[in-house]
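Asker: Please find the sequence and the predicted model below.
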Amino acid sequence: MWQDPIVEEIHKIREALAAKFQYDVQELGKFFQAQQAAEHRAVVTRAPRRAPEGVQPPRVVRTEPNKGIEPTR
């Protein structure tokens, strides 16, 4: 199978960063937030989009319990 050298490089960088923070997602997030603040770039935060008036989300009607979630008895 052909391997893209750019994708391989990205995977190596991702693995090195994850290892640097002992694969702790919280610490990795803090690192990226600090890096973002140091760059002094404007961060855009948008409000969640709402559904248009009168549009209801689809309802899921189950006749049996979801066996993947229900506790075993």
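Answerer: Arrived safely, thanks for sending. Numbering: from 1, shown residues only.

Asker: Extract the residue ranges of this structure that are flagged as low pLDDT.
Answerer: Where the chain drops to pLDDT under 70, the residues are 62, 65-73.

Asker: Find the residue at the geometric middle of it.
Answerer: Compute the mean C-alpha point of the chain, and by C-alpha atoms, centre = their mean the closest residue is Val25, 10.3 Å away.

Asker: quick one: that one from Glu53, how far?
Answerer: Noted for Val25: a distance of 38 Å to Glu53, by C-beta to C-beta, to the nearest Å. C-beta: built from backbone N, CA, C; applies to glycine.

Asker: contacting residues around the closest residue to Leu28 other than its chain neighbours?
Answerer: Nearest non-adjacent residue to Leu28, counting by C-beta to C-beta, 6 or more residues apart in numbering: Phe21, 4.8 Å away. The neighbours of Phe21, taking C-beta atoms under 8 Å, 6 or more residues apart in numbering as the test, are 27-28, 31.

Asker: Narrow those to those in helices?
Answerer: When these are checked against helices (DSSP state H), the matches are 27-28, 31.

Asker: Closest one of those to Ile10?
Answerer: Distances from Ile10 to these, taken as C-beta to C-beta, are shortest for Leu28 (15.3 Å).

Asker: my guess is the closest one meets Arg14, correct?
Answerer: No. Assessed by C-beta atoms under 8 Å, Leu28 is found out of contact with Arg14, at 10.0 Å.
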